[in-house]
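> Sharing a model prediction with you, sequence too.
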Amino acid sequence: MASAQSWNTCTAGDPKFWPSSIRYIILANICMYVFLGTMFTAGLATGFEALAGDFQVPFSQLTDAVSYPVLALGVASILWMPTAICLGKRPVLLVSCAVFLACNIWCIKATSLNVLIAARVIGAFGAGSIEAIGPAIIADQFMERYFASAMAIFSLSLSGGSQIGSMIAGYLISSRGWRWFFILIAILLAVNLVLMIFFLPETNFRRILFNAETAAEADKVAAEMVENNAENKQHELLIRVVGGIVVISTLNPSFFAPPPYLFTSAGLGLFSCATFLGIVIAYPVAGPLTDLLSRVFMKRNDYVHLPEHRMPALVVPFLIFPPGLLLYAYTVDQQGSYYVAAVGAAMVLVPSVVLSVVVDAYPRSGSEALVLINAGKNLVAFGMTVKSNSWLVSEGVVKMFWEVVALQWAVLIFGLPLYFTGPWLHKKTLFLV
């Protein structure tokens, strides 16, 4: 490893040229934070039966304990991201993590459902910082050609919190009670906070960018500057890191807790792993394949890079995601094998392609764009969570899921015109950034 003086000279403070060990530690820290945040938000659904018994409330009222924290996650990014741009990402993450930790302790002491919901909403507001700032940190420290791979690892952690976290929550609540769910998160979060205090340096860095310059072009200029100013000392960068999901996660207790399935909290948590397994299998599509497509299309385009070159990867979720929802719906409707339902849930993929495209196309204001994406995602999740039970009662399982499928296909197919008109739209909207 180079000395501190040669490192500073080589990188001129640019996180993209920091030693790989530092960048990987930063990635691990933010992945742990986002995992705990989504575990906190979604994992409690497996303990609805225990909560209903303790607080003497119906299942329909318990959905507020999940839906409003989901809303807080989205609203939080609107505040946290501008603050991070002005004051720095490191202090914002440390403060938000402290708020998140304090609210977990509050949840442990909650004596009523309303108190628990209040603690969870404020806690989710603290945890919401990482969903917007995390991708921005990845954009700060990884070159364009590795955006999708690093972003897929982050998305894997985000999804893993709601799926693997739900499994952990299910077994823990079944054996020790729902308060131990928050005790575990508080312990892990305290460890995460200490790690971030010592191993999360500030990644804000101002580059000189020209209008219509993509992240790939900016990276090329930065690399040339480093080569010219570092006496030919280089640091190799090689990353080697290891609305339908919301509906399924919210309705799983309603489908599988009653007869004929009679799932316990542990069983509901284990079933949620099916979705995570699908996400793990889809990682090569969301990460390495997306980066590979970017390089292949760049060569076919006379070595001119366009952010839209990543968008053909959306074909995979377009073909697999909707049929998975329908397989799940028809199986549950006919009270078929839960193994088949699990296969359908596993087909519900989470594409992270859009995040990479946005950061690549708008390197100057990508952080602000991620706020809009994150807020929109959580607003949709909030709407799905709040209305899923009444939607199910009025439409039935099959019709409801067909409507969700139609929405998913409509959104995904919108990527086709964006692929062809993206460069033109990028130039026409420069005045906005």
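On my side now, so go ahead.
> in the strand or helix carrying residue 339, what counts as buried?
Per DSSP states H and E, residue 339 falls inside helix 338-346. For helix 338-346, burial by neighbour count (16 or more other CB atoms under 10 Å) applies to 338, 341, 342, 343, 344, 345, 346. Where you see a C-beta, it was placed from the backbone N, CA and C, and this is true even at glycine.
> Please report how far residue 37 lies from residue 249.
15 Å (CB to CB, to the nearest Å).
> again but with residue 68, I slipped
15 Å.
> Those two: which has the busier surroundings?
residue 249 (27 against 18; other CB atoms under 10 Å).
> so that one sits right up against residue 41, yeah?
No. In this structure, residue 249 is not within contact of residue 41 by CB atoms under 8 Å, at 10.1 Å.
> Return every residue with contacts to both of these two.
Each of residue 162 lies in contact with both residue 249 and residue 41 under the rule CB atoms under 8 Å, 6 or more residues apart in numbering.
> Mind picking the two most distant members of the buried residues of helix 338-346?
338 and 346 (12.3 Å; CB to CB).
> rewinding a little: need the buried residues of helix 338-346 in a markdown table with pLDDT, can you?
A markdown table is the format used below for the buried residues of helix 338-346 (pLDDT from 0 to 100):
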| residue | pLDDT |
| --- | --- |
| 338 | 85 |
| 341 | 87 |
| 342 | 85 |
| 343 | 86 |
| 344 | 84 |
| 345 | 81 |
| 346 | 78 |
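> Let me know the closest of those residues to residue 305.
Of those, the one sitting nearest to residue 305 (CB to CB) turns out to be residue 346, at 33.8 Å.
> so the closest one touches residue 272, yeah?
No. Taking CB under 8 Å as the definition, residue 346 is not a contact partner of residue 272, at 10.7 Å.
> which sections of the stretch 201-350 of the chain are below the confidence cut-off?
Along the stretch 201-350 of the chain, the model assigns pLDDT under 70 to residues 207-246, 283-287, 349-350.
> Enumerate every residue touching residue 397.
With CB under 8 Å, 6+ apart, residue 397 has these contacts: 329, 332, 333.
> Secondary structure element holding the residue nearest to residue 408 when sequence neighbours are not counted?
Among residues not flanking residue 408 along the chain, residue 322 sits closest, at 5.5 Å (CB to CB, 6 or more residues apart in numbering). For residue 322, the host element (DSSP H and E) is helix 315-333.
> quick one: that helix to chain centroid distance?
Offset of helix 315-333 from its chain centre (CA atoms, centre = their mean, to the nearest Å): 21 Å.
> what packs against it?
Helix 315-333 is packed against helix 244-256, helix 273-284, helix 338-346, helix 397-413, with contacts defined by 3 or more CB pairs under 8 Å, 6 or more residues apart in numbering; DSSP states H and E.
> Just the CA trace of the longest one, in CSV.
Pointing back at helix 397-413 there. Output of helix 397-413 as CSV, limited to C-alpha atoms (Å, rounded to 0.1, in the frame of the first residue of the first chain):
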residue,chain,number,x,y,z
VAL,A,397,-56.2,-12.9,-5.1
VAL,A,398,-56.0,-13.6,-8.9
LYS,A,399,-57.6,-10.4,-10.2
MET,A,400,-55.5,-8.3,-7.7
PHE,A,401,-52.2,-9.9,-8.9
TRP,A,402,-53.2,-9.6,-12.5
GLU,A,403,-53.6,-5.8,-11.9
VAL,A,404,-50.1,-5.7,-10.2
VAL,A,405,-48.7,-7.6,-13.2
ALA,A,406,-50.2,-5.1,-15.6
LEU,A,407,-48.6,-2.3,-13.7
GLN,A,408,-45.2,-4.0,-13.7
TRP,A,409,-45.3,-4.7,-17.4
ALA,A,410,-46.3,-1.1,-18.1
VAL,A,411,-43.5,0.3,-16.1
LEU,A,412,-40.8,-2.1,-17.5
ILE,A,413,-41.9,-1.6,-21.1
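> model confidence over it, on average?
Average pLDDT, helix 397-413: 85.
> and it, which residues are buried?
397, 400, 401, 402, 404, 405, 408, 412.
> So residue 263: helix, strand or coil?
At residue 263, secondary structure determined by DSSP: H, G, I helix; E, B strand; the rest coil is coil.
> So residue 280 sits against residue 156, correct?
Yes. Here residue 280 lies in contact with residue 156, judged by CB under 8 Å, at a distance of 7.0 Å.
> Quick check: buried residues in whichever helix or strand residue 29 is part of?
Residue 29 belongs to helix 20-42 when assigned by DSSP H and E. Buried residues in helix 20-42, counted by 16+ other CB under 10 Å: 22-23, 26-42.
> between residue 280 and residue 156, which one's more packed in?
residue 156 (24 against 16).
> ok so, going back, got the contact list for the residue nearest to residue 408?
Residue 322 neighbours (CB under 8 Å, 6+ apart): 405, 408, 409.
> ok, and the closest non-adjacent residue to the first one?
By that I understand residue 405. Here the residue nearest residue 405, using CB to CB, 6+ apart, is residue 322, at 4.2 Å.
> State the distance from that neighbour to residue 166.
On the measure of CB to CB, residue 322 and residue 166 end up 23 Å apart.
> could you pull out the helices for the stretch 151-300 of the chain?
Using DSSP state H, counting those that start in this stretch, the helices of the stretch 151-300 of the chain run over residues 179-199, 215-229, 244-256, 265-271, 273-284, 290-300.
> can I get those in a markdown table with distance to residue 311?
As requested, the helices of the stretch 151-300 of the chain are exported to a markdown table (distance: least, CB to CB, whole Å):
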| stretch | distance to residue 311 |
| --- | --- |
| helix 179-199 | 34 |
| helix 215-229 | 15 |
| helix 244-256 | 20 |
| helix 265-271 | 32 |
| helix 273-284 | 16 |
| helix 290-300 | 8 |
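> how about those, which one is nearest residue 16?
Comparing the helices of the stretch 151-300 of the chain under CB to CB, the one sitting nearest is helix 215-229, at 6.3 Å.
> Residue 278 contacts residue 327, doesn't it?
No. Applying CB under 8 Å as the test, residue 278 and residue 327 come out as separate, 11.8 Å apart.
> Let me have the helices and strands packed on helix 315-333 in CSV, adding distance to residue 47 as columns.
Output for the helices and strands packed on helix 315-333, formatted as CSV (distance: least, CB to CB, whole Å):
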stretch, distance to residue 47
helix 244-256, 9
helix 273-284, 16
helix 338-346, 20
helix 397-413, 24
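> Between the ones you listed, which one is closest to residue 378.
Of those, nearest to residue 378 by CB to CB is helix 244-256, at 9.6 Å.
> Send over the closest one as PDB, restricted to the C-alpha atoms.
Only the C-alpha atoms of helix 244-256 are listed here, as PDB (Å, rounded to 0.1, in the frame of the first residue of the first chain):
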ATOM      1  CA  GLY A 244     -44.600  -6.900  -6.100                       C
ATOM      2  CA  ILE A 245     -42.400  -8.000  -3.200                       C
ATOM      3  CA  VAL A 246     -44.200  -5.500  -0.900                       C
ATOM      4  CA  VAL A 247     -47.500  -7.000  -1.800                       C
ATOM      5  CA  ILE A 248     -46.300 -10.600  -1.200                       C
ATOM      6  CA  SER A 249     -44.500  -9.700   2.100                       C
ATOM      7  CA  THR A 250     -47.600  -7.900   3.400                       C
ATOM      8  CA  LEU A 251     -50.100 -10.500   2.500                       C
ATOM      9  CA  ASN A 252     -48.000 -13.600   3.400                       C
ATOM     10  CA  PRO A 253     -49.400 -13.700   7.000                       C
ATOM     11  CA  SER A 254     -53.000 -13.500   5.700                       C
ATOM     12  CA  PHE A 255     -52.400 -16.300   3.300                       C
ATOM     13  CA  PHE A 256     -50.200 -18.700   5.300                       C
END
